[in-house]
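Colleague: Have a look at this prediction, sequence included:
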Protein chains: 2
Amino acid sequence: MNKAIVLLSGGMDSSTALSIAIKEGFECYALTLDYGQRHRDEINSAKNIVKDFKITEHKLVSIDLTVFGGSALTDKNIKVPEQASSGIPITYVPARNTIFFSLALAWAEVIEADAIFSGVNAIDYSGYPDCRPEYISAIQELFNLATKITSEGKSIEVCAPLINMDKKEIIKIGIENGVDFSKTVSCYQLDQHGKSCGLCDSCRIRSKAFEELNLEDNIEYV
Amino acid sequence: MNKAIVLLSGGMDSSTALSIAIKEGFECYALTLDYGQRHRDEINSAKNIVKDFKITEHKLVSIDLTVFGGSALTDKNIKVPEQASSGIPITYVPARNTIFFSLALAWAEVIEADAIFSGVNAIDYSGYPDCRPEYISAIQELFNLATKITSEGKSIEVCAPLINMDKKEIIKIGIENGVDFSKTVSCYQLDQHGKSCGLCDSCRIRSKAFEELNLEDNIEYV
């Protein structure tokens, strides 16, 4: 059975990516990062989501990105925008995906995994540079050289199965594969009762997709 | 004044890389990683070394790589080899440089740095895949795409000024630039008094270079 590391944030995309890795027959190892994110509730979501799938191990690893800041998600003094704007929004976290992929690579090398799955996608998204197809290609090129096992010829494939899907497709495939979206967290600024704001980029992209699909979004909004 | 992040382990190579960045006129920000390494004494070395140079900030960031293990440096059950062997030795830490570079990238983006300096080199080294020139080129390609600022056209140059130097050249340039090598740590398994073993790969490469240069290596060996 081929092994895969799955980067699992606790959001809709990574949960769907996990369900795809499972469906494709991979033995799955889920990796969740506690990076000091404003919406730390997503870590509990990740812990809940893995219960619905047969995975071999779920690791939670801490890397405090608030020491660098530079994002509304890692610096409490920067407000989460509640309206759409042009350009890459301030919720972008500097180098986040590069850091997460590199940690996944470490684990992948140790267990000799065949793939690393990520839920990144570049259609209904916030324009983050580290979610684009050309970024994924560059990560793959790097990983082919970066480790003992890949430099000796083993392949560790970087899989971004959602890269060209819009949010509606992601929801449809997730549901087909058994993802319980009511367990996922999208909001960047949940209130103290775990309710979503409905206003941030991430909430807006989520709600719009559920609405257009005529599906109930079974999470609580403020 | 251009800004540089300098990855500083506390060893000879990264200290020399720092001295080069200073000499080249960069405003330097040193980044040291506490990754659960067996030879954590090197962190104190890093703290001592920066005192000899005018740097703007020194950050110590923790990322526990013992959760993945897979190396004699991050798994206490794996012995440090005390004889040369063929191939990549077990002191290689899976994906270490990729993780370190990606953390440096995060800081580089936040302060809009122009360069990231690393002491990697591929002549008198242990054959680690993530120290080779082709690896550095791939990191550069990735970083050009990976961040908001680089995707908008700013350059963050990955600088590996020692890449083609042997250990003797590194020592000569370091001395010229004011590196106090007695403060650096090379040994992978210092004893409880901070004495170097003289047997591990890293000690052997170091001692041989000092010997061939007819220079005193002013650190204590067991």
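Modeller: Great, that's in hand. Numbers count the residues shown, from 1 in each chain, chains lettered A, B, ... in the order given.
Colleague: Measure how buried the closest residue to A:I136 other than its chain neighbours is and give me the count.
Modeller: Leaving aside its chain neighbours, A:I136 sits nearest to A:A160 (4.9 Å; criterion: CB to CB, 6 or more residues apart in numbering or on different chains). Placement of C-beta: from N, CA and C, glycine included. The number of residues packed near A:A160 is 24, by other CB atoms under 10 Å in any protein chain shown.
Colleague: give me every residue that touches A:A160.
Modeller: Listed by CB atoms under 8 Å, 6 or more residues apart in numbering or on different chains, the contact set of A:A160 reads A:A17, A:F117, A:S118, A:G119, A:V120, A:N121, A:P133, A:I136.
Colleague: Not counting its own residues, what contacts whichever strand or helix holds the last one?
Modeller: With elements delineated by DSSP states H and E, A:I136 resides in helix A:133-146, which encompasses its position. Among residues not part of helix A:133-146, those counted as contacts by CB under 8 Å, 6+ apart are A:97-98, A:101, A:105, A:116, A:118, A:120, A:122, A:129, A:150-151, A:155-158, A:160, A:163-164, B:95, B:97-98, B:129-130, B:132, B:134-135, B:138-139, B:141-142, B:144-146.
Colleague: Just the buried ones from those residues?
Modeller: A:97-98, A:101, A:105, A:116, A:118, A:120, A:122, A:129, A:150-151, A:156, A:158, A:160, A:163, B:95, B:97-98, B:129-130, B:132, B:135, B:138-139, B:142, B:144-146 (16 or more other CB atoms under 10 Å in any protein chain shown).
Colleague: biggest strand in chain A, by residue count?
Modeller: strand A:27-34 (DSSP state E).
Colleague: Just give the strands next to that one in its sheet, each with its orientation.
Modeller: Strands that pair with strand A:27-34, judged by DSSP bridges, come out as strand A:3-7 (parallel), strand A:57-62 (parallel).
Colleague: List the buried residues for it?
Modeller: For strand A:27-34, the neighbour count (16+ other CB under 10 Å) marks A:E27, A:C28, A:Y29, A:A30, A:L31, A:T32, A:L33 as buried.
Colleague: Off-centre distance for the helix or strand hosting A:S14?
Modeller: Using DSSP H and E, A:S14 sits within helix A:12-23. Centroid displacement of helix A:12-23 relative to its chain, using CA atoms, centre = their mean, to the nearest Å, is 10 Å.
Colleague: Buried ones in that helix, by neighbour count?
Modeller: For helix A:12-23, burial by neighbour count (16+ other CB under 10 Å) applies to A:M12, A:D13, A:S14, A:S15, A:T16, A:A17, A:L18, A:S19, A:I20, A:A21, A:I22.
Colleague: Tabulate those residues (CSV), appending distance to A:R204.
Modeller: Converted to CSV, the buried residues of helix A:12-23 look like this (distance: CB to CB, whole Å):
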residue, distance to A:R204
A:M12, 13
A:D13, 15
A:S14, 19
A:S15, 19
A:T16, 19
A:A17, 21
A:L18, 24
A:S19, 24
A:I20, 25
A:A21, 28
A:I22, 29
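Colleague: Please tabulate these in TSV, including the columns distance to B:K168 and pLDDT.
Modeller: As requested, these are exported to TSV (distance: CB to CB, whole Å; pLDDT from 0 to 100):
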residue	distance to B:K168	pLDDT
A:M12	56	98
A:D13	51	97
A:S14	49	98
A:S15	54	98
A:T16	54	98
A:A17	49	98
A:L18	51	98
A:S19	55	98
A:I20	52	98
A:A21	49	98
A:I22	54	98
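Colleague: which one of these sits closest to B:L60?
Modeller: Among the buried residues of helix A:12-23, A:S14 lies closest to B:L60 (CB to CB), at 29.9 Å.
Colleague: tell me the contacts of the nearest residue to that closest one once chain neighbours are set aside?
Modeller: Spatial nearest neighbour of A:S14, excluding adjacent residues (CB to CB, 6+ apart): A:G119 at 3.8 Å. Applying CB under 8 Å, 6+ apart, we find A:G119 in contact with A:L7, A:S9, A:G11, A:M12, A:D13, A:S14, A:S15, A:T16, A:A17, A:A160, A:L162.
Colleague: Phi, psi for A:G119 please.
Modeller: Taking degrees, to the nearest 10, you get phi -90, psi 10 for the backbone angles of A:G119.
Colleague: Run a quick neighbour tally on A:Y221.
Modeller: Neighbour tally, A:Y221, other CB under 10 Å: 13.
Colleague: wait, it sits on A:G198?
Modeller: Yes: counting by CB atoms under 8 Å, A:Y221 does reach A:G198; the two are 4.5 Å apart.
Colleague: what's the overlap in contacts for these two?
Modeller: Residues touching both A:Y221 and A:G198 (CB under 8 Å, 6+ apart) are A:S207.
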